[in-house]
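S.K.: sequence and predicted structure, then a few things I'm wondering about:
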Amino acid sequence: ACAGIDYSSLDPSGSNIGDPPVYAYDAVIAMALGLHSLLYVHNKCNFTGDDLRQSLSNDVSFTGATGRIQFSAGLGGEIAYGDGDRESGLTFKVQNFNPTLFHRGGRDELQSIRTVGFWHKDENTMFPCDMVGDDYCTETVYNNEEDSIVSDDPDIIEIHMEEWARNLIRAGSSLAMLTCLV
């Protein structure tokens, strides 16, 4: 046992190891690569935390236990929005509120939040979850009267000009062209 972990209780495939140790493993590798870059690539013996952050953003990219690891240099400027955020290898769980499963005041109120899929940043694609193997996976419920996808765009309204108005414009533009040619 190391740090309170009984390794004999873990499956040899690692299937029953939770997420935190796997992310910690990738974090240690990322830090080691960032420090290596500062010491041996940039030949810096004295450096600051900001130097290390820049090294992580600019020099570190690898495939770790949690997928592709690469850090964003951010948008720049004073705020530096997104600076140091993980830029690749991200998967987000897409969840949906299912009102038919909601029972107000019951101890299972959270049972109404169900997974409908996973969005992979690198592929910019959403993949549905496994409805056969996952009890908390359901079809998407659209919480509107039609139970359908709601468009963020307004309906397109086509307005056609009356026939007499189109003919008047055609005649006027023809007269203007003739006047220019004469």
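M.R.: Alright, I've got the coordinates. Numbering: from 1, shown residues only.
S.K.: residue ranges with poor pLDDT in this protein?
M.R.: 1-4, 74-84, 105-109 (pLDDT under 70).
S.K.: how about the strands in it?
M.R.: Assigned by DSSP state E, the strands in the chain fall at 61-64, 67-70, 91-97, 113-120, 125-128.
S.K.: tabulate these (JSON lines), appending distance to residue 177 and mean neighbour count.
M.R.: Glycine gets a C-beta too; all of them are placed from N, C-alpha and C. Below are the strands of the chain laid out as JSON lines (distance: least, C-beta to C-beta, whole Å; neighbours: other C-beta atoms under 10 Å):
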{"stretch": "strand 61-64", "distance to residue 177": "62", "mean neighbour count": "14"}
{"stretch": "strand 67-70", "distance to residue 177": "60", "mean neighbour count": "17"}
{"stretch": "strand 91-97", "distance to residue 177": "58", "mean neighbour count": "13"}
{"stretch": "strand 113-120", "distance to residue 177": "56", "mean neighbour count": "16"}
{"stretch": "strand 125-128", "distance to residue 177": "52", "mean neighbour count": "12"}
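S.K.: report the central residue of this structure.
M.R.: Residue closest to the mean C-alpha point of the chain, counted by C-alpha atoms, centre = their mean, is residue 121 at 4.6 Å.
S.K.: for residue 133, which residues are in contact?
M.R.: Shown in contact with residue 133 (C-beta atoms under 8 Å, 6 or more residues apart in numbering): no residues.
S.K.: for it, what are phi and psi?
M.R.: phi -90, psi -10 (degrees, to the nearest 10).
S.K.: that one and residue 69, how far apart?
M.R.: 28 Å (C-beta to C-beta, to the nearest Å).
S.K.: okay, buried residues for stretch 94-112 please.
M.R.: 96, 98, 112 (16 or more other C-beta atoms under 10 Å).
S.K.: ah, wrong one, I meant stretch 32-47
M.R.: 33-35, 37-38.
S.K.: report the two of those separated the most.
M.R.: 33 and 38 (9.9 Å; C-beta to C-beta).
S.K.: roughly how far does residue 149 sit from residue 113?
M.R.: Taking C-beta to C-beta, one finds residue 149 at 19 Å from residue 113.
S.K.: and residue 19, what does it touch?
M.R.: Contacts of residue 19 (C-beta under 8 Å, 6+ apart): residue 66.
S.K.: ok, how many other residues are close to residue 164?
M.R.: Residue 164 is flanked by 8 other residues according to other C-beta atoms under 10 Å.
S.K.: residues contacting residue 51?
M.R.: Counting by C-beta under 8 Å, 6+ apart, residue 51 has contacts 38, 44.
S.K.: run the chain-centre distance for stretch 137-145.
M.R.: Centroid separation for stretch 137-145 versus its chain: 21 Å, with C-alpha atoms, centre = their mean, to the nearest Å.
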